[in-house]
Every structure is written in C-alpha cells, then in structure tokens.
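1. Got a sequence here, can you build the structure:
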Amino acid sequence: MKKNLPLIVIIASTILIIVNFIMSDEIDRGFWMSTLSSVLIIIAMISTIKANKKKEEN
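-> Below is the predicted model of the structure:
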C-alpha cells in the first residue's frame with residue numbers, strides 16, 4: 001500500500017481536477033488556485049515515484 005500511495009494520490013487529484021472543470025460555474029482566482037495546487041501535488045507525487053524507483057535500483 002505504501003508504494004502505491006503516490007499513484008493513488010495522482011489519480012485522485014486528476015479526477016478532482018476534471019470534476020472541478022466540469023462542475024465549476026465561475027472560473028475565478030479561487031478556481032485557478034485550487035487547480036494549480038492540484039497540479040503541483042501531481043508533480044510532487046511523480047517526482048516522489050521517480051525518486052523511489054531510483055532508490056530501489058541502487
């Protein structure tokens with residue numbers, strides 16, 4: 001479970017971003033701030049996965 005946690009967070013964040021785009025009536029500053037934070041979480045989790053794979057190889 002611990003190995004799959006970053007992947008689960010990436011999938012959940014992606015789904016939430018898509019739902020946010022579909023359900024949002026107003027596209028204002030708050031909308032873009034929440035979308036940006038979700039994208040940054042995805043980037044952080046991808047880098048975590050790459051670092052863990054590199055660590056396992058060594």
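2. Now do the end-to-end distance for stretch 13-31.
-> This stretch, stretch 13-31, spans 14 Å end to end (C-alpha to C-alpha, to the nearest Å).
3. So for whichever strand or helix holds residue 48, mean pLDDT?
-> Assessed by DSSP states H and E, residue 48 sits inside helix 29-57. What helix 29-57 shows for mean pLDDT is 85.
4. Report the buried residues of that helix.
-> Across helix 29-57, burial judged by 16 or more other C-beta atoms under 10 Å covers 35, 38, 41-42, 45, 49. Using the backbone N, CA and C atoms, a C-beta is placed for each residue, glycine as well.
5. Can you report how many residues lie near the closest residue to residue 48 other than its chain neighbours?
-> Nearest residue to residue 48, sequence neighbours excluded (C-beta to C-beta, 6 or more residues apart in numbering): residue 6, at 4.9 Å. When neighbours are counted by other C-beta atoms under 10 Å, residue 6 registers 20.
6. Just the element for residue 6, please.
-> helix 5-23.
7. Show me what that helix is in contact with.
-> 31, 34-35, 38-39, 41-42, 45-46, 48-49, 52 (C-beta atoms under 8 Å, 6 or more residues apart in numbering).
8. Recalculate using a threshold of 10 Å.
-> Applying C-beta atoms under 10 Å, 6 or more residues apart in numbering, the external contacts of helix 5-23 come out as 1, 4, 27, 31, 34-35, 37-52.
9. That one to helix 29-57, inter-axis angle?
-> 160 degrees (axes from the mean of the first three to the mean of the last three C-alpha atoms, to 10 degrees).
10. Can you give me the buried ones in helix 5-23?
-> In helix 5-23, the ones that count as buried by 16+ other C-beta under 10 Å are 6, 10, 13, 17.
11. so who does the residue positioned nearest the centre of the chain touch?
-> Compute the mean C-alpha point of the chain, and by C-alpha atoms, centre = their mean the closest residue is residue 42, 2.6 Å away. Contact partners of residue 42, counting by C-beta under 10 Å, 6+ apart, are 6, 9-14, 17.
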